Structure formats: structure tokens, C-alpha cells
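Visitor: Turn this into a model:
(2 chains)
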Amino acid sequence: GAVVSQHPSWVICKSGTSVKIECRSLDFQATTMFWYRQFPKQSLMLMATSNEGSKATYEQGVEKDKFLINHASLTLSTLTVTSAHPEDSSFYICSAPRRRANTGELFFGEGSRLTVL
Amino acid sequence: SQQGEEDPQALSIQEGENATMNCSYKTSINNLQWYRQNSGRGLVHLILIRSNEREKHSGRLRVTLDTSKKSSSLLITASRAADTASYFCATGRGSYIPTFGRGTSLIVHP
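Guide: Residues are numbered from 1 along each chain as shown, chains lettered A, B, ... in the order given. As a prediction, the model looks like this:
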């Protein structure tokens, strides 16, 4: 079964509104979670690394005021797209490493498709 | 960050045929992982191969790793229509930040 749960799976919103996406690790604690953005038929672009108890680390070119990340607990990270515009429409995916024997294996959520009208 | 680049970008085969896709990377690694993504879904971990391993099998999947060439291949034998998906590789080195290439889009025709 899924070990990382992402919600909502899809959301449609009006331009100018804010949207929150949740990522939960279900049966393990994740001190780190990764947020990706994916355009159709494109790669996953790493947006930021979410760190429990500290500020997120953003990749170059990603606006931290636009994409607010909060790692509130060891099992929950949230991504808020603030004042969303049509160009923010995309597929957002979170993942968490479950360090089994330090394998580095990542578990992914099912993704959230955001459409901004 | 570590990044793998998959090749080919697209692959179309008939059911029952084998599918081979490749991954190249640039820096030294501890392990390399292959993931699968069905359209509009999250990624699913398929297999991990460590840097001291040359070949690994999991069901119909066979992964090879050549650290001297900094490349890996994923072979899916006796493909099925349900194998249609995009396949990505990601490399790991200690505390890494995983990044992915564009993936290989595999279409298996029934």
C-alpha cells in the first residue's frame, strides 16, 4: 500500500487564490521531504527540500514567497501555492526517503494536478 | 545534485518483446535507482542497484550498472501492455538530493 499520501489529487482554482497541498508519510517519520513539479511529458523538476523543524531549501529559480513550504511534523509537509496564476498549473509531486538500511529509496505521493483558471 | 539522463526518450514495442532503456550519469554514486510513472500518477520505485553490483534481477526486470562508463540499463523482458509507462533513473550518493532526467516513455502495443 501507499506509504506517502498526497492530497488533494486534483484541484481547480481561480487566479489569485491560494492552494495548499499536503504530503503525509503514513507509517514512517520523514524528517525530509522533496517537492517536485512536472510539466506534461517532462522531467520532475525539484522545487525544494522540506526539512522538519527548519526552513525549506529552495532550488535556484523557485520563488520561496510563491511556493510556501511548511514541514509541521515528522509526518506532514505542506506546499502552498500563493496567489496562483495560470502559469502555476502543473502536476506537483512530493516524495520522502525511507532510509531503510540507508538505501536512499524514495517513496512518492500520487501527485496533485493543479489547474488555475 | 545527482542527475541521470535516460535514453531513448521514447520506445514503442509489441507485447512480448523486450524493452531496453539506458541511463547515464556524471558523478560517482553509491547506488542507482529506477522508477516507473504511469501517466498522471506518482513514481513507483522498481529496483535499486549498488555501486559494487553489476547486475540485479527482479521478476521481469534486469538492471545492469557499469560504473566505469557511468551508465545503467533497465531491461524489461516479455513486455506487457501494462508496462506502458515512463521510466526514470535517479542516482544516490550518501545524503543526496535526487534528481531525475526526462525519462523514457515506453509504449507496449497489445
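Visitor: For chain A, which residues are neighbours of chain B?
Guide: A:4, A:6, A:34, A:41-44, A:46, A:49, A:91, A:93, A:95, A:103-111, A:113 (CB under 8 Å from any CB of the partner chain). All C-beta spots, glycine's among them, are computed from the backbone N, C-alpha and C.
Visitor: Quick check: residue B:37 vs chain A, distance?
Guide: 8 Å (CB to the nearest CB, to the nearest Å).
Visitor: who are the neighbours in contact with residue 62?
Guide: Picked chain A for this. A:47, A:48 (CB atoms under 8 Å, 6 or more residues apart in numbering or on different chains).
Visitor: if you could check chain B rather than the one you did, that'd help
Guide: B:55, B:56, B:74, B:75, B:77.
Visitor: Which of those residues sits closest to chain A?
Guide: residue B:56 (12.7 Å; CB to the nearest CB).
Visitor: and the helix or strand harbouring the closest one, what does it pack onto?
Guide: Applying DSSP states H and E as the criterion places residue B:56 in strand B:55-58. The contact analysis (3 or more CB pairs under 8 Å, 6 or more residues apart in numbering or on different chains; DSSP states H and E) places strand B:55-58 against strand B:43-50, strand B:61-66.
Visitor: Any chance of JSON lines for the ones you listed, columns distance to residue B:10 and mean pLDDT?
Guide: Below are the helices and strands packed on strand B:55-58 laid out as JSON lines (distance: least, CB to CB, whole Å; pLDDT from 0 to 100):
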{"stretch": "strand B:43-50", "distance to residue B:10": "18", "mean pLDDT": "90"}
{"stretch": "strand B:61-66", "distance to residue B:10": "20", "mean pLDDT": "97"}
